[in-house]
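> All I have is the shape, not the residue letters:
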């Protein structure tokens, strides 16, 4: 257990660790999805499985899965700095308050699941809906475990024990893979749900052990002592965040409901493409947001405007540095990515092409989704949770409306449908309507990030009485290099079209790897020619050790570098 409690020193090292673990978790997620696609294909069975996730995911949000560490961490750090014993009591209070609330909510969801499913899956037949209810009831155990895990994650992050935090999602995916491999042959689709519960338990157990090693396992308390001022502060802070993430989950839930009325397999295509879309987002965007959040919070507590903007813009620059070329290359190599990740067994070439089109539509908003986590963490560091909620509500309503309009538009023959399907190269496929869900979702994400960014600058200016601007020259260099990367990858892909046809898995993988490597090589080469500062950061980071026995510096010195429960 000692290796779990190793302290990570600087921000880039911690972010690289989280990114590496995130990559491993995402690769396991891809393996999980490949096994699902091979066994079931993009059909109604996977529609049922993914639809069954919607209520547990929504319950997870109410259980503070989305808000746990963000709401707890600043207050826990404040208590920890003053009195370690008070910090221990706070964790115990939150733990038992959570258990009391979660059991009540789970029982309600358990009995109301059949009624909820009528709203979530209006396009399903009665037998499919009944099976969805069974899977939903089994998976309702996972939000409780993941919610408790999120409480312990605040402790783990505060002590900079990022390894335990990073490995927990890996174990979660391993549990689901075990479900596919061992439980499905015995129990069928319910075996998948049992695997989800197993993964949630492993996620919880790892972080509980890490928190226990730090001396923060919960202690029994009287009911009267649970509602302390600290616990109430956490709940007040969490409430807007719960609402905000609930809006996001409700948006996805409505999109799934729209998808249930489309052709069989539409929900599966949507979810599988979305999982691939979130791979780079989780590796680059979420990792830096997690690591920078404590520093942004300390900058606000110290009223240090320079440190706040340095950390914020450093995070934005780093996320843009990685996600911009990734998004461009994802669009160029979308079919290769889907075929390598999912193209096995029952997953047909038509499923591949449709999933690739949906992935391309989502990737248009990859940059927006990548920086969203950091901007939202910055709002929480400034102790403002209502502005992102209001912005999220507006963007979500727009996403739903656009998704409905686009899916209806693509359901009937028209010049607009012909244009859109030709752009995404699926004009010969009979049921392209699911592409409308991705288009609406992406446009909503782009609007969301624009409003979040400009509103955050205004809030920071009001808070610190000063506002620093993002270096646009840096953005221009990254955009130019990313476009060059896309052109290079496309040229290699086209040159291989006859010499290395996409017949076997090995050829698809080889063509994609070579084209992607050339694209990234061109990207880094252009940045070197443009003397982009990010390349100096990268080379410096590669020379640094991952772990150092010292505390994270309070401020960045300008020379060194820093860095949904889903099926």
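Cool, the structure landed. Computed from a predicted structure; not experimentally measured. Numbering: from 1, shown residues only.
> Please report the distance of the one residue sitting closest to the centre of the chain from residue 276.
The geometric centre of the chain, computed from its C-alpha atoms, lies nearest to residue 282 (Cα atoms, centre = their mean), at 4.9 Å. To residue 276, residue 282 is 11 Å away according to Cβ to Cβ, to the nearest Å. Where C-beta positions appear, they are placed from N, C-alpha and C, glycine not excepted.
> Equivalent analysis for residue 496, please.
Distance, residue 496 to residue 276, by Cβ to Cβ: 22 Å.
> Looking at those two, which one has more neighbours?
More crowded of residue 496 and residue 276, by other Cβ atoms under 10 Å: residue 276, with 24 against 17.
> Contact partners for that one?
30, 33, 337-338, 341, 359 (Cβ atoms under 8 Å, 6 or more residues apart in numbering).
> what does residue 106 give?
Residue 106 neighbours (Cβ under 8 Å, 6+ apart): 59, 140-141, 143-144.
> For the contacts of residue 276, give me a markdown table that also has pLDDT.
Below are the contacts of residue 276 laid out as a markdown table (pLDDT from 0 to 100):
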| residue | pLDDT |
| --- | --- |
| 30 | 88 |
| 33 | 91 |
| 337 | 94 |
| 338 | 94 |
| 341 | 91 |
| 359 | 96 |
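> Mark which of these are part of helices, please.
Per DSSP state H, helices hold the following members of the contacts of residue 276: 30, 33, 337-338, 341, 359.
> Dump these into a markdown table; add distance to residue 348 and neighbour count as well.
A markdown table is the format used below for the ones in helices among the contacts of residue 276 (distance: Cβ to Cβ, whole Å; neighbours: other Cβ atoms under 10 Å):
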| residue | distance to residue 348 | neighbour count |
| --- | --- | --- |
| 30 | 18 | 19 |
| 33 | 15 | 24 |
| 337 | 17 | 27 |
| 338 | 12 | 27 |
| 341 | 15 | 24 |
| 359 | 16 | 26 |
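> For residue 177, see how far away residue 191 is.
Taking Cβ to Cβ, one finds residue 191 at 12 Å from residue 177.
> tell me the mean pLDDT for stretch 495-508?
In this model, stretch 495-508 has an average pLDDT of 72.
> Look at that stretch and report the distance between its end residues.
14 Å (Cα to Cα, to the nearest Å).
> any residues touching stretch 146-158, and which ones?
Contacts of stretch 146-158 (Cβ under 8 Å, 6+ apart): 60, 63-65, 67-69, 72-73, 76-77, 80, 91, 94-95, 98-99, 102, 162, 164-165, 168, 200, 203-204, 207-208, 210-211, 214, 216, 290, 293-294, 565.
> pLDDT of that stretch, averaged?
82.
> got it, and stretch 419-431?
For stretch 419-431, the mean per-residue pLDDT is 92.
> Just say helix, strand or coil for the residue nearest to residue 263 when sequence neighbours are not counted.
Excluding its sequence neighbours, the residue lying closest to residue 263 (Cβ to Cβ, 6 or more residues apart in numbering) is residue 431, at 3.8 Å. Here residue 431 is recorded as coil under DSSP: H, G, I helix; E, B strand; the rest coil.
> roughly how far apart are residue 431 and residue 258?
Distance, residue 431 to residue 258, by Cβ to Cβ: 14 Å.
> So between those two, which is more surrounded?
The residue with more neighbours, out of residue 431 and residue 258, is residue 258; 25 against 17, by other Cβ under 10 Å.
> For stretch 29-48, buried residues please.
By neighbour count on 16 or more other Cβ atoms under 10 Å, the buried set for stretch 29-48 is 29-37, 39-48.
> Hmm, I typed the wrong one, I wanted stretch 521-535.
If you call a residue buried by 16+ other Cβ under 10 Å, then stretch 521-535 has these buried ones: 522-524, 526-527, 530, 532-535.
> Of the residues you listed, which pair is most distant in space?
Greatest spatial distance in those: 522 and 533, 19.0 Å, computed using Cβ to Cβ.
> just curious, which of the contacts of residue 106 is nearest to residue 304?
So of those, ranked by how close each gets to residue 304 (Cβ to Cβ), first place is residue 143, at 37.4 Å.
> secondary structure class for the closest one?
helix.
> Now do it, the pLDDT please.
Residue 143 is given a pLDDT of 87.
> Ok, residue 355 next?
pLDDT, read off for residue 355, is 95.
> The longest helix along the chain: which residues count as buried?
Longest helix of the chain, by residue count under DSSP H: helix 84-120. Using 16+ other Cβ under 10 Å as the test for burial, helix 84-120 gives 87-98, 102, 105-106, 109, 113, 116-117, 120.
> Enumerate every residue touching the spatially closest residue to residue 434 that is not a sequence neighbour.
Nearest residue to residue 434, sequence neighbours excluded (Cβ to Cβ, 6+ apart): residue 266, at 4.1 Å. Contacts for residue 266 (Cβ under 8 Å, 6+ apart) come out as 47, 259-260, 431, 433-434, 437.
> Turn those into CSV, columns for secondary structure and distance to residue 310.
As requested, the contacts of residue 266 are exported to CSV (DSSP: H, G, I helix; E, B strand; the rest coil; distance: Cβ to Cβ, whole Å):
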residue, secondary structure, distance to residue 310
47, helix, 47
259, helix, 43
260, helix, 47
431, coil, 50
433, coil, 46
434, helix, 43
437, helix, 39
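> Quick check: nearest residue in space to residue 59, chain neighbours excluded?
residue 143 (4.5 Å).
> What pLDDT is listed against residue 534?
69.
> now the one 3 residues further on
Model confidence at residue 537, expressed as pLDDT, equals 64.
> Over to residue 257?
Reported pLDDT for residue 257: 93.
> roughly how far is the helix or strand hosting it from the heart of the chain?
If you go by DSSP states H and E, residue 257 is part of helix 229-260. How far helix 229-260 lies from its chain's middle: 15 Å, per Cα atoms, centre = their mean, to the nearest Å.
> quick check: angle from that helix to helix 84-120?
Relative orientation of helix 229-260 and helix 84-120, computed by axes from the mean of the first three to the mean of the last three Cα atoms, to 10 degrees: 20 degrees.
> can you give me the end-to-end distance of stretch 182-190?
End-to-end distance for stretch 182-190: 12 Å, by Cα to Cα.
> Ignore what I typed, I meant stretch 259-271.
Terminal residues of stretch 259-271 lie 10 Å apart, using Cα to Cα.
> just checking, the residue nearest to residue 59 touches residue 56?
Yes: using Cβ atoms under 8 Å, residue 143 is in contact with residue 56, at 5.3 Å.
> More neighbours: which of those two?
The neighbour comparison of residue 143 against residue 56 (other Cβ under 10 Å) goes to residue 56, with 30 against 26.
> Contact partners for the more buried one?
136, 139-140, 142-143, 196, 565.
> quick one: which of those residues is nearest to residue 129?
Proximity to residue 129 was ranked across the contacts of residue 56 by Cβ to Cβ; first place goes to residue 136, at 10.2 Å.
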